[in-house]
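In: return a 3D structure for these sequence lines:
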Amino acid sequence: MLTLHEAIVEVLSNSAEAMTARVIAAKVNCLGLYSRLDGLPVPPNQISARVNKYPHLFTRKNGLIGLQHRSPANLALARQRNQLPNTLASAGFICEEGDSRALAPIAGLPFHDVGIVGDLLATGLPRYDWLDRCGVYALILPPECEVSFLDSTHSRKAGNVLSPWEEDRLSRKWVNGTRVIYIGLAGDRSPRSLRQRLRDLLNHCAGKTSINGPHKGGEILWQLAKYESLLLRAMPTDGPPVPRDTERALLEAFVKLHGTLPFANRKG
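Out: Reported below is the predicted structural model:
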């Protein structure tokens, strides 16, 4: 695990341009480069404070943070990273083995289990305080799950897929080598909580739908024959725009690893 200023150097070293503090924070969090003692994601103001503490490493202009490229300290950090085994790969920042690779890019991040979809449909969301914050969430396939799809006629009758796909299209959209099949957020433009957004998700899954939702994004999840066995996980964050930035960084990391978005994500 890197220190925070090393994590910032890592992110900027793998970018061709300077970034805002909130974009850097989102990338540090989604790539698992730094872990706070309280387990919470790094906020943008912590990035700014650390940058101010190391003026010999970083530049700041018009709200954008960059590297002092000729800094001897940065060169030393780069050499140190190259000498470390299992360091994060520059092409996607991910170098994981086994099941951790199947759970990338959320592996190693402070995501919490919310529950199994079938159980949540029966009992409702748990009473965790952190669900009352904004954040990001993911739907995870069980290990060694045989994947098959419900046809569009079945899904229309169930009422939980407003625009069902044909099975061949679902098969083409499927992403092999990963258990992460959807990444979403709560708190895009307003401080909407994970609890509210995940309640929308479960209501849509149960067929409590309207013409536009309540959670039309990712609804092809419910065309999986075993969708009730999916694991729902979530990570609380600060308010907007942090959830959107974090989701975007997670999706970018997924695309770098798999060449496409998660199965049920239609856009990044």
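In: so where do the helices sit in the stretch 51-200 of the chain?
Out: 72-83, 98-102, 117-123, 152-158, 167-173, 194-205 (DSSP state H, counting those that start in this stretch).
In: deepest of those helices, which one?
Out: Per residue and on average, the most neighbours among the helices of the stretch 51-200 of the chain fall to helix 194-205, with a mean of 22 (mean count of other C-beta atoms under 10 Å). To be clear about C-beta, it is placed using only N, CA and C from the backbone, and glycine gets the same treatment.
In: and it, what does it pack onto?
Out: For helix 194-205, the packing partners by 3 or more C-beta pairs under 8 Å, 6 or more residues apart in numbering; DSSP states H and E come out as helix 117-123, strand 135-140, strand 180-186, strand 231-236.
In: winner for burial among the ones you listed?
Out: With a mean of 26, the top stretch among the helices and strands packed on helix 194-205 by mean neighbour count (mean count of other C-beta under 10 Å) is strand 135-140.
In: helices and strands around that one, which ones?
Out: When contacts are defined as 3+ C-beta pairs under 8 Å, 6+ apart, strand 135-140 packs onto strand 180-186, helix 194-205, strand 231-236, helix 242-258.
In: pipe these into JSON lines and attach mean pLDDT and distance to I106 per row.
Out: Conversion of the helices and strands packed on strand 135-140 to JSON lines gives the following (pLDDT from 0 to 100; distance: least, C-beta to C-beta, whole Å):
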{"stretch": "strand 180-186", "mean pLDDT": "97", "distance to I106": "6"}
{"stretch": "helix 194-205", "mean pLDDT": "96", "distance to I106": "15"}
{"stretch": "strand 231-236", "mean pLDDT": "96", "distance to I106": "7"}
{"stretch": "helix 242-258", "mean pLDDT": "94", "distance to I106": "7"}
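In: and W130, which of the ones you listed is closest to it?
Out: Nearest of the helices and strands packed on strand 135-140 to W130, taken as C-beta to C-beta: strand 231-236 at 4.5 Å.
In: contact partners of that closest one?
Out: Under the criterion C-beta atoms under 8 Å, 6 or more residues apart in numbering, residues 40-41, 106, 109-117, 120, 130-131, 133-142, 194, 198, 201, 246 lie in contact with strand 231-236.
In: what do you get for stretch 114-124?
Out: The contact list for stretch 114-124 (C-beta under 8 Å, 6+ apart) reads 125-126, 128, 131, 137, 139, 198, 202, 205-206, 227-234.
In: R50 sits in which helix or strand?
Out: helix 44-53 (DSSP states H and E).
In: quick one: buried residues of that helix?
Out: By neighbour count with 16 or more other C-beta atoms under 10 Å, helix 44-53 contains the buried residues P44, Q46, I47, S48, R50, V51.
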